[in-house]
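A.B. asks: Dropping the sequence and predicted coords here.
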Amino acid sequence: MTKSEQSKGKGKMLEIRNLHAKVGGTPILRGINLTIHPGEIHAIMGPNGSGKSTLASVLAGRENYEVTEGEVLFNGKNLLALSPEDRAREGIFLAFQYPIEIPGVSNINFLRTALNEIRQYKGQEPIEAKEFLALVKEKQKLVEFDAKLANRSVNEGFSGGEKKRNEIFQMAMLEPKFAILDETDSGLDIDALRIVANGVNKLKNDKNAFLVITHYQRLLDYIVPDFVHVLYNGRIVKSGTKELALELEEKGYDWVKAEVDGVSA
Amino acid sequence: MNTTITKDLKEHFFELILTSSASEEAWLKEIRTEALKSFKSLDFPTTRNEEWKYTRITPLLNKPFKKGEYSHVQTSNYKIADLDAIIIPVVNGIINLKEVILPKGIELLNIHIAKEKHPSYIEQYFSKITDNKNIFTALNTVSATPYILKTDNNAIIEKPIHFVFVSKGNEVFVQPRFLIIAGKQSEFNVITSFHSDCKSAFLNVVVEVVAEENSKLEWTKIQSENNESIHVSSEDIYMSTNSTFTLHTYTFNGAMVRNNVNVAIDAANCEANLNGLYLLDGKQHVDNHTKIAHMKAHSNSNEIYKGIMNDASTGVFNGKIHVYQNAQKTNAFQSNKNILLSDNATINTKPELEIYADDVKCSHGSTTGQFDEDAVFYLRARGMGEQSARALLVEAFANDVTESLKSEALKKHILLLIHKKLSKEL
């Protein structure tokens, strides 16, 4: 039984239909179509400037991105109508390509506030202090995140690798339904990459889904995708399984570009 | 500035202050007469005056202000939650001393009784620490009702003394006047909070502080008056050997606020801490002028002022550190940081260092920036609402000012005021 056959029984989690978006008047996304089911890992690859990070930003709700056409449904809800915080509360998580340093805001306090706002949104009681600390401990261990870092100001003075690991730790704490990893592998050495990937693999289950955005096939050795898509000029021009990533690694993007440009010419 | 305005203004205030206190003792009359001479010889400042370059106050004083009387206020309205403090209402600058009950070791007196009980203190310090060459101070000295707060030597006062200043009336002119004497080896905390129960007010506050040897005084000032009110204050602090003085100035509201803080460190091993936070919106204008004079060797001063300006508000910070030639081994640290939340907000910041000693450590820094919108998005992308994300970031920015508050209840109160201010509930 193939993955897509498995998925048939389940509802769609994320459905991107003909998504067009502009940044500062320049069209970046030009008609993205993508459907993701629970339990799936999708990888998006593509050359620089193809729109990978724009897609991540549009899904997370960053301002300055103007959606001009199309729609995105998340568990049947119109995602694009929601504020960034409501998207997070619905279960979307973006692991930032460049995590922000926030001096004076403790990592733990901020996570507790975020977690409680998410719980409030779902009509749940705030988490007990004891329960929260136990959760922190458990997740720190799960994703191998240093307790000292967890207690410091958000990303302040963290190395590139520590910042990315903090993203995975936050993801573990918030337990999203759908996580977007925006070039989480960039700037990571091989050990950090393995730790980050292990974290993702441990968090993966049949109810959540991941969208892994990457330049390189390297990360996909550790986080094995069910589907690989190639983004070029704001469109998904090729989709396949993990073998496609290997082919791209070997041959580069030129042959894909040639195929697409040849067709549209 | 139109000179006829200042002339008329002076006439107006001159009439206001003449109506007061005819039956005073000769010594006090003499001080008042001197101050009146000074007042007559001075003009209300214009922006041509370097000290008032960014603060155009005089046109705002041109209202039919009238002196206010004492009347009862419900102090429970002004109580700080969970803080076990002694609350003393000061209504239009007047205290009903009969209602004040203080613990052993601290007393609050009117100037007449104080002169009888502690003649040498009054002669040495009253109206001597402050500068009557300042027109506002002179105006205050001429007619204010002075109170003396004094701790005994060795007294440790557990509960903070919370003076609740309420301006009551229509357009009311209020002149609080205090002399605070921290006796040798004594320790205590003072809170002064300022509130409006009026259409508008002009508060002209003068507080003189004497920190005697080995004393420790921590003073928290919270300004949250209405946006029709003008507040000018002069706080002059004189420090003796081994004394510690800390002033926290929180400014949340007021049409125009000018704080003059002058610290004279005239001894060794002193520590002066000035912490300030101003959170402004609308058309508010807040001007913090501080001056720390290191007159003797081996003392430290730390100064951190932080400001957040929204809408069309204006902040001014002018911090002067003056190290005398013989004040060797001085450590003086100053920092002023600002965030502008709107294109129309303004900050004018100016550190002034005058250092005549050669073996000192002095530093100053000033930054002005905008809100980090990437940080706001980062927090929102984790599920925090926009309002709480912004509040958290402001709290973080203010953290090195607020964390210096030792009382948890007071800190909580300040954080609550920050939240209210950000959500425009204050």
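C.D. replies: That came in fine, so what should we check first?

A.B. asks: Quick one: the helices in the chain, in order.
C.D. replies: You didn't say which chain, so I picked chain A. For chain A, the helices defined by DSSP state H occupy A:3-8, A:52-60, A:84-90, A:107-121, A:129-142, A:147-151, A:160-174, A:190-203, A:242-251, A:254-264.

A.B. asks: To clarify, I was referring to chain B.
C.D. replies: B:3-18, B:26-41, B:111-117, B:119-125, B:135-143, B:373-380, B:386-402, B:408-422.

A.B. asks: In CSV: the helices of chain A, plus mean pLDDT, mean neighbour count and distance to chain B.
C.D. replies: Any C-beta I mention is one placed from the backbone N, CA and C, and that applies to glycine too. Formatted as CSV, the helices of chain A follow (pLDDT from 0 to 100; neighbours: other C-beta atoms under 10 Å in any protein chain shown; distance: least, C-beta to the nearest C-beta, whole Å):
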stretch, mean pLDDT, mean neighbour count, distance to chain B
helix A:3-8, 47, 12, 27
helix A:52-60, 96, 23, 5
helix A:84-90, 98, 23, 4
helix A:107-121, 95, 20, 4
helix A:129-142, 94, 14, 14
helix A:147-151, 86, 13, 14
helix A:160-174, 93, 22, 6
helix A:190-203, 90, 17, 16
helix A:242-251, 90, 16, 27
helix A:254-264, 81, 12, 31
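
A.B. asks: Turn these into JSON lines, columns for distance to residue B:242.
C.D. replies: Converted to JSON lines, those look like this (distance: least, C-beta to C-beta, whole Å):
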{"stretch": "helix A:3-8", "distance to residue B:242": "76"}
{"stretch": "helix A:52-60", "distance to residue B:242": "57"}
{"stretch": "helix A:84-90", "distance to residue B:242": "52"}
{"stretch": "helix A:107-121", "distance to residue B:242": "38"}
{"stretch": "helix A:129-142", "distance to residue B:242": "42"}
{"stretch": "helix A:147-151", "distance to residue B:242": "37"}
{"stretch": "helix A:160-174", "distance to residue B:242": "45"}
{"stretch": "helix A:190-203", "distance to residue B:242": "52"}
{"stretch": "helix A:242-251", "distance to residue B:242": "71"}
{"stretch": "helix A:254-264", "distance to residue B:242": "76"}
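
A.B. asks: For residue A:70, find the nearest of these.
C.D. replies: helix A:52-60 (9.9 Å; C-beta to C-beta).

A.B. asks: who does that closest one touch, helix- and strand-wise?
C.D. replies: Judged by 3 or more C-beta pairs under 8 Å, 6 or more residues apart in numbering or on different chains; DSSP states H and E, the packing partners of helix A:52-60 are strand A:14-23, strand A:26-36, strand A:41-45, strand A:65-74, helix A:84-90, strand A:92-95, strand A:178-182, strand A:209-213.

A.B. asks: elements contacting the first one?
C.D. replies: In other words, strand A:14-23. Packed next to strand A:14-23, using 3+ C-beta pairs under 8 Å, 6+ apart, are strand A:26-36, helix A:52-60, strand A:65-74.

A.B. asks: for the second one, same thing?
C.D. replies: Packed against strand A:26-36, as judged by 3+ C-beta pairs under 8 Å, 6+ apart, are the following elements: strand A:14-23, helix A:52-60, strand A:65-74, strand A:235-240.

A.B. asks: Buried residues, that strand. List them.
C.D. replies: A:27, A:28, A:29, A:30, A:32, A:34, A:35, A:36 (16 or more other C-beta atoms under 10 Å in any protein chain shown).

A.B. asks: Let's see it as CSV, backbone CA atoms only.
C.D. replies: Taking C-alpha atoms only, strand A:26-36 is exported to CSV below (Å, rounded to 0.1, in the frame of the first residue of the first chain):
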residue,chain,number,x,y,z
THR,A,26,6.7,41.5,-6.9
PRO,A,27,4.8,38.2,-7.5
ILE,A,28,6.7,35.4,-5.7
LEU,A,29,4.2,32.6,-5.5
ARG,A,30,2.4,32.0,-8.8
GLY,A,31,-0.1,29.3,-8.2
ILE,A,32,1.0,26.7,-5.6
ASN,A,33,-1.1,23.6,-5.2
LEU,A,34,-0.3,21.2,-2.4
THR,A,35,-2.3,18.8,-0.2
ILE,A,36,-0.9,17.4,3.0
